[in-house]
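Trainee: Sharing a model prediction with you, sequence too.
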Amino acid sequence: MEVTQIDLENIGRFRSLRITLATHAKSGSNVTVFIGNNGAGKTSILKALATSLSWFVARLRSENAPGNPIPEEAILNGTPSAAISLTVRDKHEFHWTISKTRKGRVAAEHSSQLQGATSLADEYRRRLTENAASNLPLIAYYPVERSVLTASLKTREKYSFQQLDGYDKSLSKGVDFQRFFDWFREREDIEHEKRHPGTALKAMDSDPEKFAQLLDWTQNGAKRVDHIKQFDWEALNDEVKKIREVWGFLQRVEASAKDSQLQAVRAAIQNFMPGFSDLRVQREPQPHMTVQKNGETLDIAQLSQGEKSLMALVGDIARRLAMMNPGLENPLSGQGIVLIDEVDLHLHPQWARTIIERLTTTFPGCQFVLCTHSPLVISDSQGVLVYSLENGELIRLPSQYGQDANTVLLEAMDTGIRNADVARRLNDLLDLIQSRKLEQAHTMLAKLEEELPANHLELSKAKLLLHKEALRLAKN
């Protein structure tokens, strides 16, 4: 399931806007990125997508249920009504429109047409009726206010963790870490029960012949030791084979006890955040979540804000995919549409540089629609569809793959690569040198050297150029 197109009429800053999104079917990419200055309308587009998709989610959960309305404050100033139209591809094409009219106004221009959302939801409800383990597409929106990573030590309310509950607050709150914590703790309790010795014996008893062989092997340990003492190499070789057989059997028992949904979340975090592993809930001295970071066990409260934000985002996507795709061997490969505002939020440039690659490799079946202010996000991933927003206009940019950050800042983001006043004074310094006004150039160079770092590259170049020009004049 992928969104192929969205049309906005009188939404936010946009009078009329049509956006084609990146899809595997058309472009081979599943990532669309919006860039632009603050207030350009990036968040308005993501919210419009979330609002429109909420009608599919609502009607999937309950026939003819309403989704989220267009907020009146989202309607373009000076217009009586607004509309959002969505085109979705899922084997077939589905189209629907939602509209909103200001209070006290008559809407002659826009009207809601929701049959497409209903038909698509009916298709998934039919699949669930025929097969309860049928997979569902994730629909999730992660706004800027997603980075809170706190949870009460005690569950404050009862949650349901059924398949359709993967949609709970997925378009309104983003990361709900309280729910994530409670879900993780409940799944871990189930996993621990499966690992109980009595359960393991039952698992072994499912293969009585194998179990009898292993029991006989363990009960005749003294005889085996005698063979080994006598350097009976054939007997020793048999022992090695038997040990491997026992070890393999126990590993299979252990693997059968592991919770597949928890495994998916752990795998996602480990893949996304190298050095992090073994996410778990510790019960003593009081319930808290820990993770291994480079071999050291840490309470998640000890992590940096960037680490918390990323772990919460990745963990939430993985949790929802695991809940909604019980029929997949790897739930992380499930389909979905994920909207993330300011995807580089709190991230070090090294992580921002690889964020798209990690999203697409960890969740290959999901379509991503992202916003960013970082040139590193759009310059390090191939095939990404990039749009720039300016004054209500949408401009499709050429691929930024492989461009250096300064070029992206200048050409794509229309932003200088250094402080404007410093840039002007450096240019003035170069002009003085080229005009052979060396005394004035020396004075300006001295002032800049007082303010700028000693290793400032452009200043070093200007200093070298001034020295060469002074030598040339002296020679003449």
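Mentor: Looks like it arrived, so ask away. Since the structure is predicted, the reported quantities are computational estimates derived from the model, not experimental observations.
Trainee: Show the residue spans covered by the helices in the stretch 151-300 of the chain.
Mentor: Remark: helices assigned in the stretch 151-300 of the chain by DSSP state H, counting those that start in this stretch are 177-194, 197-205, 208-219, 221-229, 233-257, 260-272.
Trainee: per-residue pLDDT, Arg185?
Mentor: Per-residue pLDDT puts Arg185 at 85.
Trainee: since we're on it, how many residues are nearby?
Mentor: Residues near Arg185, counting by other CB atoms under 10 Å, number 16. Where you see a C-beta, it was placed from the backbone N, CA and C, and this is true even at glycine.
Trainee: Hmm, Val281 and it touching each other?
Mentor: Yes: at 4.7 Å, Arg185 and Val281 qualify as touching, with contact defined as CB atoms under 8 Å.
Trainee: what is in contact with those two at once?
Mentor: By CB atoms under 8 Å, 6 or more residues apart in numbering, Arg185 and Val281 have these common neighbours: Pro287.
Trainee: so where's the stretch 351-476 of the chain uncertain?
Mentor: Within the stretch 351-476 of the chain, the segments meeting pLDDT under 70 span 404-406, 409-420, 476.
Trainee: weakest of the helices of the stretch 151-300 of the chain in terms of mean pLDDT?
Mentor: Sorting those by mean pLDDT places helix 197-205 lowest, at a mean of 50.
Trainee: For Glu9, which three-state class applies?
Mentor: Look at Glu9: counting by DSSP: H, G, I helix; E, B strand; the rest coil, its state is strand.
Trainee: Please report how far Leu321 lies from Leu86.
Mentor: Distance, Leu321 to Leu86, by CB to CB, to the nearest Å: 22 Å.
Trainee: What count of nearby residues applies to His456?
Mentor: His456 has 17 neighbours, counted by other CB under 10 Å.
Trainee: Ramachandran coordinates for it?
Mentor: For His456, the backbone dihedrals (degrees, to the nearest 10) come out as phi -60, psi 120.
Trainee: Could you do Ile395 as well?
Mentor: Taking degrees, to the nearest 10 as the convention, Ile395 sits at phi -120, psi 120.
Trainee: Ok, His95 next?
Mentor: Dihedral angles (degrees, to the nearest 10) for His95: phi -140, psi 140.
Trainee: just checking, it touches Leu86?
Mentor: Yes: contact criterion CB under 8 Å: His95 and Leu86 qualify, at 7.0 Å.
Trainee: where do the contact lists of these two overlap?
Mentor: The contact sets of His95 and Leu86 overlap at Gly116 (CB under 8 Å, 6+ apart).
Trainee: The two: which is more packed in?
Mentor: More crowded of His95 and Leu86, by other CB under 10 Å: Leu86, with 23 against 17.
Trainee: pretty sure that one belongs to a helix, no?
Mentor: No: secondary structure of Leu86 (three-state DSSP): strand, not part of a helix.
Trainee: mind listing what it touches?
Mentor: Contacts for Leu86 (CB under 8 Å, 6+ apart) come out as Val3, Gln5, Ile6, Asp7, Leu49, Ser52, Leu53, His95, Trp96, Thr97, Gly116.
Trainee: can you rerun that using 6 Å?
Mentor: If a contact means CB atoms under 6 Å, 6 or more residues apart in numbering, then Leu86 has Ile6, Ser52, Trp96 as its contacts.
Trainee: ok, now Thr297?
Mentor: So Thr297 contacts Thr290 (CB under 6 Å, 6+ apart).
Trainee: Pairing-wise in the sheet, spell out the partners of it.
Mentor: Gln292 (DSSP bridges).
Trainee: Can you read off the pLDDT for it?
Mentor: The pLDDT attached to Thr297 in the predicted structure is 91.
Trainee: Quick check: it vs Ala264, distance?
Mentor: 22 Å.
Trainee: is it true that Phe56 lies in a strand?
Mentor: No: read with three-state DSSP, Phe56 is helix and lies in no strand.
Trainee: Skipping its backbone neighbours, what lies nearest it in space?
Mentor: Ala117 (4.7 Å; CB to CB, 6 or more residues apart in numbering).
Trainee: repeat for Leu465
Mentor: Counting by CB to CB, 6+ apart, the residue nearest Leu465 is Ile433, at 5.5 Å.
Trainee: Report the secondary structure state of the one you found.
Mentor: Going by three-state DSSP: Ile433 is helix.
Trainee: So it is in contact with Leu466, correct?
Mentor: Yes: counting by CB atoms under 6 Å, Ile433 does reach Leu466; the two are 5.3 Å apart.
Trainee: any shared contact partners between the two?
Mentor: Joint contacts of Ile433 and Leu466 (CB under 6 Å, 6+ apart) are Ala441.
Trainee: neighbour count winner among the two?
Mentor: Ile433 (23 against 19).
Trainee: Show me the helices in the stretch 1-150 of the chain, by range?
Mentor: 24-27, 42-61, 115-130.
Trainee: quick one: which of those is nearest Lys91?
Mentor: Among the helices of the stretch 1-150 of the chain, helix 115-130 comes nearest to Lys91, with 8.3 Å by CB to CB.
Trainee: Now do that closest one: everything it contacts.
Mentor: For helix 115-130, contacts defined as CB under 6 Å, 6+ apart pick out Trp55, Phe56, Arg59, Leu60, Phe94, His95, Trp96, Ser134.
Trainee: so what pLDDT did the fourth one get?
Mentor: Here, the pLDDT recorded for Leu60 equals 95.
Trainee: now it: how far from Gln261?
Mentor: Noted for Leu60: a distance of 20 Å to Gln261, by CB to CB.
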